[in-house]
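[1] Starting from these lines, generate the structure:
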Amino acid sequence: MKLVSYTAPTPAEALKKAQMECGEDALVVSTKQIKKKGLTTAGLYEVVIVLNDEEGKTPRKSDQKEEKENLLKDDVFLDISKAAQQISKIAKVTDSKISVNKEEENSFKRKKSDMAEKDEIVKVKKEILKLSDKIKIIQNMFWEEKSFQRDGLPIPPEFSEIYKKAYQSGMSKDHLYTIMELTLENMPYRMRNSTETIKRYFQVLLQKIIPIRVELNLPKGAKKIMMFVGPTGVGKTTTIAKLAARYSFVKYRHKTGIITLDTYRIGAVEQLYQYAKMMRLPIEDVVDINDFDKAVNSLSRCDIVLIDTVGSSQYDKNKIGKLKRILDKTNFEIDVNLILSSATKLEDLQDIYNGFSFLNIDTIIFTKLDETKNFGNIFSLVYDVNKPISYFSTGQEVPDDIMEAQAEFLIKSLFEGFKKSKK
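    Have a look, this model is predicted:
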């Protein structure tokens with residue numbers, strides 16, 4: 001048995017050199033690094049091979065193939081691993097060499113060789129940043145790799161990080177694939193070199209897709225009646241109090257009145273009466289649906305009338321049916337606002353919307369944005385039902401914690417996390 005060693009800057013090159021001289025029958029015994037790679041010097045690897053075994057037989061080709069694949073795989077991941085480990089170290093060295101004082105800069109200018117070295121360091125840093133970006137792509141490509149294969153839908157490498165964040169935030173997979181396809185169709189190929197560029201393009205596309213109801217100042221002499229419906233516990237009463245304050249003195253000076261149909265819960269009625277008293281707003285309660293128009297007429301001097309309704313399960317057709325009868329019977333035009341909690345998962349949001357949809361929903365208000373980290377569910381719902389969002393409720397404080405809905409704010413919260421904004 002004869003042992004022969006070959007050296008080269010990478011294991012793959014050393015193996016290739018051995019095969020060129022000893023043929024394909026050469027069997028690799030060991031591979032090791034004998035010199036570390038530096039900034040200006042290449043590394044050195046040694047490959048030891050055996051030409052024949054003791055019986056004079058040549059090694060099996062399957063063993064050679066497996067060994068070569070392992071060598072190549074080790075080479076790739078060793079380079080990536082070493083690059084990842086050295087990125088911060090080299091970046092610091094680069095920053096310290098570039099950020100020299102004025103005296104050293106003057107010295108560099110006088111010495112061409114030193115300037116060339118400085119330029120080389122800058123180039124190295126740029127290459128490291130590119131490598132870091134590629135490593136990020138590779139890392140995210142392996143995220144739940146098996147689940148992608150089960151679905152039979154491959155994730156383009158450029159979208160691996162975006163897919164991971166959006167999917168974890170509650171966005172529908174179907175919507176994600178649709179928007180990735182739209183991005184690939186419209187995005188110039190040259191822009192795909194950076195994950196940050198792709199991410200910004202993807203976010204802009206999402207913003208354009210989200211339907212938003214823009215708040216407009218009520219024209220003089222006009223009247224607006226708004227009914228608020230939704231399941232229990234989403235914050236309808238508090239949202240109405242915030243909007244009443246917003247319309248009557250925080251942003252506008254509209255004459256605002258309140259009607260409550262929620263006479264089932266004594267606490268809710270008392271709470272709304274307290275808000276109305278503090279803001280000096282007229283309020284009416286309706287027990288019999290036949291008295292609804294009468295209550296609206298009693299607030300005829302008001303520019304805006306806000307109607308609170310009893311919270312109901314989406315499966316309670318009896319309670320929702322009473323609201324439907326009011327809307328069908330009234331002589332007034334009523335804007336129906338569905339209030340939903342942003343902390344509700346997408347499947348339940350879709351179920352709730354379907355339960356209330358026969359009330360002819362005009363717009364959606366999302367509450368409790370401060371109680372969740374996931375916002376992809378909001379996007380997927382409005383994308384599905386194509387109904388505009390009018391307001392976001394961002395906390396419990398009356399009247400502060402409410403804002404006009406903004407697509408940019410929602411998408412930024414989806415990718416970067418929620419930060420309270422008052423507008």
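
[2] Domain boundaries for the protein, per the record?
    Here the domain parsing of the chain from automatic domain parsing is 3-88, 155-209, 224-416.

[3] Identify whichever of those domains lies nearest to Leu216.
    Ranking those by proximity to Leu216 (CB to CB) places domain 224-416 first, at 10.0 Å. The C-beta positions use only the backbone N, C-alpha and C, and glycine is treated the same way.

[4] I'd like the average pLDDT over that closest one.
    On average, the pLDDT along domain 224-416 is 92.

[5] Where do the strands of the protein begin and end?
    For the chain, applying DSSP state E gives strands covering 3-8, 27-35, 44-50, 224-229, 256-260, 283-285, 304-308, 335-341, 363-367, 389-393, 402-404.

[6] counting contacts, what elements does the fifth one pack onto?
    Applying 3 or more CB pairs under 8 Å, 6 or more residues apart in numbering; DSSP states H and E, one finds that strand 256-260 contacts helix 236-245, helix 266-279, strand 283-285, helix 292-298, strand 304-308.

[7] Buried ones in stretch 321-330, by neighbour count?
    Lys322, Leu323, Ile326, Leu327 (16 or more other CB atoms under 10 Å).

[8] my read: the last one touches Val336, true?
    Yes. Under the criterion of CB atoms under 8 Å, Leu327 makes contact with Val336 at 7.2 Å.

[9] can you list residues touching both of these two?
    By CB atoms under 8 Å, 6 or more residues apart in numbering, Leu327 and Val336 have these common neighbours: Met227, Leu359, Asn360.

[10] Show me how to select, in ChimeraX, the buried members of these.
    In ChimeraX, a selection of the buried entries from the shared contacts of Leu327 and Val336 looks like this (16+ other CB under 10 Å):
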select :227,359
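
[11] Give me the contact list for stretch 365-375.
    With contact meaning CB under 8 Å, 6+ apart, stretch 365-375 is reached by 168-170, 228, 234-235, 238-239, 337-343, 378, 389-395, 401, 405, 410, 413-414, 417-418, 420.

[12] Which among those count as buried?
    Listed as buried from the contacts of stretch 365-375 are 169-170, 228, 234-235, 238-239, 337-343, 378, 389-395, 401, 405, 410, 413-414, 418; burial here means 16+ other CB under 10 Å.

[13] what sits against His175?
    The neighbours of His175, taking CB under 8 Å, 6+ apart as the test, are Phe379, Ser380, Tyr383, Asp384.

[14] if we go to 10 Å?
    Ala166, Tyr167, Leu206, Ile209, Leu346, Gly376, Phe379, Ser380, Tyr383, Asp384 (CB atoms under 10 Å, 6 or more residues apart in numbering).

[15] ok, of those, which one's closest to Ser298?
    Once CB to CB is applied, the member of the contacts of His175 that ends up nearest Ser298 is Asp384, at 39.3 Å.

[16] From Thr183, how far off is that closest one?
    Distance of Asp384 to Thr183, given as CB to CB, to the nearest Å: 19 Å.

[17] For these two, indicate the residue with more neighbours.
    Between Asp384 and Thr183, counted using other CB atoms under 10 Å, the more crowded position is Thr183 (21 against 15).

[18] before we move on, the earlier item: just the buried members of the contacts of His175?
    By 16+ other CB under 10 Å, these give Ala166, Tyr167, Leu206, Ile209, Leu346, Gly376, Phe379, Ser380, Tyr383 as buried.

[19] Among these, give me the pair with the biggest separation.
    Checking the buried ones among the contacts of His175 with CB to CB, the most distant pair is Tyr167 and Ile209, at 16.8 Å.
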